[in-house]
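In: Got a predicted structure plus its sequence, pasted below:
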Amino acid sequence: MRIERVSSSQFTIFLTFDDLVERGFNKEDLFYDANGIQNLFTDVMYEASSELGFELEGKLYVQVHLMQAQGMHVIVTQNCDNIDWDEDFIEMKVTLDESKELIFSFDDFENIIQVSSYLSTLSVNGGQVFYMGDRYYMLLNRDELGGNNKEDVIALMSEFSNPSIVTSYRLKEYGKIIIKSSAIETIVRAFN
């Protein structure tokens, strides 16, 4: 579990699927076990608040994003305006959203070249490539998978890279775009 304070009223938590399995959950539980999920969020939020020295009180807004192959990104925002209820009560507004993007992080560009040639044989030709913080990132949207099962694409990508917890919003704002569109096709044409 990775925790980061964003501001005085917000923090984020990243749980990998391994973290969730260690806590006794699988992907289906995230959609069907409401009580278990509320308990998971409560436990995780208290662990995070304790580690960050963040006092949980009042109304909390919890946004949950399921990220393909990476895990779960939880954003907790505290709104302390006009609190009228018991201070031990925490209201949770939870949204589950499965990301339509695959984002992988690469140590060097050579790994992107290698995976691109394999992806091209599967008719996966889209994508974008970014550079940020001494790493390369490949972003694929679900509609760019060439009709392939996303799990197969994830398995192939994982041989050459690591699933990234960096969001596409962060990449687009802080990263340098290397290839804006049709990245795999462009790389295969240039390097093979």
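Out: The structure has been received and is ready for your questions.

In: Chain neighbours aside, what residue packs nearest to S181?
Out: Counting by C-beta to C-beta, 6 or more residues apart in numbering, S181 lies nearest to Q128, which is 6.5 Å off, once chain neighbours are set aside. C-beta here means a position set from N, CA and C on the backbone, and glycine is covered the same way.

In: what's the answer for T16, then?
Out: Of all residues not flanking T16 in the chain, G71 sits nearest, at 4.0 Å (C-beta to C-beta, 6+ apart).

In: quick revisit: list the contacts of the residue nearest to S181.
Out: M138, L139, I177, I179, K180, S181, A183 (C-beta atoms under 8 Å, 6 or more residues apart in numbering).

In: Of those residues, which is the nearest to S168?
Out: L139 (5.6 Å; C-beta to C-beta).

In: Share the number of residues neighbouring that closest one, please.
Out: The number of residues packed near L139 is 23, by other C-beta atoms under 10 Å.

In: so it is in which element?
Out: For L139, the element it lies in under DSSP states H and E is strand 135-141.

In: Pull out the buried positions in that strand.
Out: R135, Y136, Y137, M138, L139, L140 (16 or more other C-beta atoms under 10 Å).

In: among the contacts of Q128, which are in helices?
Out: Those of the contacts of Q128 mapping onto helices are A183, per DSSP state H.

In: Okay, and L40 sits in which element?
Out: Using DSSP H and E, L40 sits in helix 34-52.

In: from what I can see I75 touches F14, true?
Out: No - counting by C-beta atoms under 8 Å, I75 stays clear of F14, with 10.1 Å between them.

In: quick one: the residue nearest to T16 from F25, how far?
Out: Separation of G71 from F25 (C-beta to C-beta, to the nearest Å) stands at 11 Å.

In: cool, L156 as well?
Out: Distance from L156 to F25, by C-beta to C-beta: 26 Å.

In: What of T121?
Out: Distance, T121 to F25, using C-beta to C-beta: 35 Å.

In: neighbour-wise, which of those two wins?
Out: F25 (18 against 9).

In: Just grab the bridge partners of the nearest residue to I165 once chain neighbours are set aside for me.
Out: In space, and not counting its chain neighbours, I165 is closest to F14: 4.9 Å by C-beta to C-beta, 6+ apart. Beta bridges link F14 to R2, H73, judged by DSSP bridges.

In: give the contact list for F14.
Out: Taking C-beta under 8 Å, 6+ apart as the criterion, F14 is in contact with M1, R2, I3, E4, Q70, G71, M72, H73, V74, I165.

In: quick check, nearest of those to G53?
Out: Closest to G53 out of these is I3 (11.2 Å), distances taken as C-beta to C-beta.

In: So that closest one is in contact with L15, correct?
Out: No - if you go by C-beta under 8 Å, I3 and L15 don't touch, sitting 9.9 Å apart.

In: What are the boundaries of the strands in this structure?
Out: Listed in chain order, the strands found in the chain under DSSP state E are 2-7, 10-16, 59-67, 71-79, 92-98, 101-106, 128-132, 135-141, 162-163, 176-179.

In: Many thanks, we can stop here.
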